[in-house]
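Novice: take this sequence and fold it.
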Amino acid sequence: MPTESPLPRGLLDADALPLYAQVAARLMDDITAGGARAGDRLPSERVLAERYAVSRVTMRSALADLADRGVIESSPARGWFLRSTSAGTRAGAGGGEETGDASADRSASAPGGRSVQGFADHALRHGLAARTRVLSSGVRPAKVQEAEELRIAPGAPLFEMRRLRYLDDLVVVVEHNRLPLALCPRLADTDFGTASLYATLRTATPGQFPRVADYSVEARQPTAEERELLEITDVTPVLVATQLAYNQEARPLELTVAIYRGDRYRFRASITD
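Specialist: This next block holds a predicted model:
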C-alpha cells in the first residue's frame, strides 16, 4: 500500500481539506487539463491510487466525492466514466448524501453508489416499517484488537451497542456496533431504540459520514442465543457480515458485526478492478 502524503498546493488549501478531497480536486484538475470528454473511461482504482500515492480506500472516497458532484459515474464491472467535465467545477470538502442506520442491504464500497447503504434507507425504499430493540449499550475501554482496527489507542473510550432490527415486525438481524466515542460524544447519551445511529453521527462536530467500507460475509449455524433472538426454530443458517466503515476523511468510523437470518437477507455487490 502506498504511503499517503499531502498533495501539492493548488487553488485549494491542502491543510484545510481531508486527503480524499485533495485527491478529488487534483483528479478534477487533471481531467480538465487533459481535455477528457463525457463517456471517457478513467483508469482503474489501483492505477489511480498509485498515480496519486494514496491508499485505495482514500482513492475510493475521492471518486465517490466526484460522483456525488455529478462529475463521474460508475458502470458495474466496467469501472468509472466521465459524466461531464462541467458538472462540478472543483471538488471541495465533505458533503454528499448520508445514509440511514446500520446495514440491511449495504454496498461495501462506494463504486456504483453514493455512500454506505443503511438499514433505514432500505426499509424506506421498499415501504417497510423498521423497528429496533436495544439489547445493550454503553461506553468501555477499547481492546487491543479493536483499537488496531479503529486506529485508536488501546483503552480509549469506545461506544458499544447490540441491537435487534426488525422489518414489518419480522426480526432480521442482530447487530453489534462499536465506534470511537471521540468522533461523536453524543453516542453515549442517545436512545437508539428510536434514534438513528448514522443521523446521530451527522450531528457531531465535525459531522461524521460513512463513505466506504470493508465488508465480508460468511455463513454458519447460529448459536443458542442467536436462535432465540432471531426466532429460528429449524435448520436456517445465519449470515455473519463484518463491516469496517470509514468516514469522509478515510478514518475508521464504525466496526459492526451483523448476524442475519439466512432466509431474510441477501447481499448484492458490483465487483470492479
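
Novice: what's the neighbour count on Pro173?
Specialist: No, residue 173 isn't Pro; it's Val. 24 (other C-beta atoms under 10 Å). All C-beta spots, glycine's among them, are computed from the backbone N, C-alpha and C.

Novice: just checking, it touches Ile259?
Specialist: Yes - between Val173 and Ile259 there is a contact under C-beta atoms under 8 Å: 6.4 Å.

Novice: what is in contact with the two at once?
Specialist: Residues touching both Val173 and Ile259 (C-beta atoms under 8 Å, 6 or more residues apart in numbering) are Leu230.

Novice: and Ala147, that one's in a strand?
Specialist: No - assessed with DSSP: H, G, I helix; E, B strand; the rest coil, Ala147 is helix; it does not lie in a strand.

Novice: neighbours of it, how many?
Specialist: Ala147 has 17 neighbouring residues, counting by other C-beta under 10 Å.

Novice: I'd like the distance between the closest residue to it other than its chain neighbours and Leu167.
Specialist: Distances taken as C-beta to C-beta, 6 or more residues apart in numbering place Pro154 nearest to Ala147, at 4.3 Å, with adjacent residues excluded. Distance of Pro154 to Leu167, computed by C-beta to C-beta, to the nearest Å: 37 Å.

Novice: okay, those two: which has more neighbours?
Specialist: Between Pro154 and Leu167, counting by other C-beta under 10 Å, Leu167 is the more crowded of the two (18 against 12).

Novice: which residues does that one bridge with?
Specialist: Ala130, Leu170 (DSSP bridges).

Novice: going forward, the N-terminal residue is numbered 505.
Specialist: Will do, 505 is the new start, and the previous item becomes Leu671.

Novice: tell me the pLDDT at it?
Specialist: If you check Leu671, the pLDDT there is 91.

Novice: surely it and Leu632 touch.
Specialist: Yes - counting by C-beta under 8 Å, Leu671 does reach Leu632; the two are 4.6 Å apart.

Novice: endpoints of stretch 565-583, how far apart?
Specialist: 15 Å (C-alpha to C-alpha, to the nearest Å).
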